[in-house]
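**Student:** Quick one, what's the 3D model for this:
(chains A and B)
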Amino acid sequence: GNSVTQMEGPVTLSEEAFLTINCTYTATGYPSLFWYVQYPGEGLQLLLKATKADDKGSNKGFEATYRKETTSFHLEKGSVQVSDSAVYFCALSLNTGFQKLVFGTGTRLLVSP
Amino acid sequence: DGGITQSPKYLFRKEGQNVTLSCEQNLNHDAMYWYRQDPGQGLRLIYYSQIVNDFQKGDIAEGYSVSREKKESFPLTVTSAQKNPTAFYLCASRLQGPNTGELFFGEGSRLTVL
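**Tutor:** Take a look at the predicted model:
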């Protein structure tokens, strides 16, 4: 089946530290990959996406590269801020049929000043 | 401004009562979804609808019902048959078509059963 595995949190960092949140996937076919972010008490927002192998998605200083050979889509940021504290979800969508999104369990990031 | 509006934001219910959560979108999206979010479990799909007057069960549909009488609206009813309804419920919508994977989410409704 199709699934997404994320590293367990919380991830606790000091401001300006480097961030990596690991995400690996299992899928039949060639999925599109996404990172969504959820701030406290809110819904999810799309952070970035990549639709084919070797694509790099980027937004607000965050980046992730679609690695087909390792079935991974790790999220990185060079220097985190307190305002980046949130829950981050990795997700995949198959580009055939209904395109149902499959989410990982989420990784909470806590950034301290 | 276009977006998805969920109401109410917080809802308390006694055991045995049905409740309906509202979801309205003005994005002209064809597809709408309901997800349930529990701590440590990510998002699980309850129901989805691709077009008006049509909807399908997701992974955890038992104890829930939906309707899609208008393109803009996709209300979710949590029935008394749902054994553990306390959760955060998220509505989302999306354009149909290839490579249109982005979901737009509402701000969620938190249901607590007393």
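
**Student:** all strands for the chain, in order.
**Tutor:** In the absence of a named chain, this looks at chain A. In chain A, the segments counted as strands under DSSP state E are A:3-6, A:11-14, A:19-21, A:23-26, A:31-38, A:44-50, A:56-59, A:62-65, A:75-77, A:86-94, A:101-103, A:107-112.

**Student:** Correction: the question concerned chain B.
**Tutor:** Using DSSP E, strands in chain B cover B:4-7, B:10-13, B:19-25, B:31-38, B:42-51, B:54-57, B:64-66, B:76-78, B:87-94, B:104-105, B:109-113.

**Student:** Quick one: neighbours of whatever residue of chain B ends up closest to chain A, just the number.
**Tutor:** Taking C-beta to the nearest C-beta as the measure, chain B has B:Phe105 as its residue closest to chain A, at 3.5 Å. To be clear about C-beta, it is placed using only N, CA and C from the backbone, and glycine gets the same treatment. Residues contacting B:Phe105 under the criterion other C-beta atoms under 10 Å in any protein chain shown number 22.

**Student:** does it have beta-bridge partners, and which?
**Tutor:** Beta-bridge partners for B:Phe105, by DSSP bridges, are B:Ala92.

**Student:** still on that earlier bit, now distance to chain B and mean pLDDT too, for the strands of chain A, in a markdown table please.
**Tutor:** Below are the strands of chain A laid out as a markdown table (distance: least, C-beta to the nearest C-beta, whole Å; pLDDT from 0 to 100):
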| stretch | distance to chain B | mean pLDDT |
| --- | --- | --- |
| strand A:3-6 | 8 | 94 |
| strand A:11-14 | 15 | 97 |
| strand A:19-21 | 14 | 97 |
| strand A:23-26 | 12 | 96 |
| strand A:31-38 | 5 | 93 |
| strand A:44-50 | 5 | 94 |
| strand A:56-59 | 11 | 96 |
| strand A:62-65 | 14 | 98 |
| strand A:75-77 | 15 | 98 |
| strand A:86-94 | 4 | 92 |
| strand A:101-103 | 4 | 88 |
| strand A:107-112 | 10 | 96 |
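
**Student:** would CSV of the strands of chain B with mean pLDDT and distance to A:Phe73 be doable?
**Tutor:** Shown next, in CSV, are those (pLDDT from 0 to 100; distance: least, C-beta to C-beta, whole Å):
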stretch, mean pLDDT, distance to A:Phe73
strand B:4-7, 95, 25
strand B:10-13, 92, 34
strand B:19-25, 97, 28
strand B:31-38, 93, 20
strand B:42-51, 91, 15
strand B:54-57, 94, 27
strand B:64-66, 97, 31
strand B:76-78, 97, 30
strand B:87-94, 94, 19
strand B:104-105, 92, 20
strand B:109-113, 94, 30
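
**Student:** show me what contacts B:Gly16?
**Tutor:** Going by C-beta atoms under 8 Å, 6 or more residues apart in numbering or on different chains, B:Gly16 touches B:Ser80.
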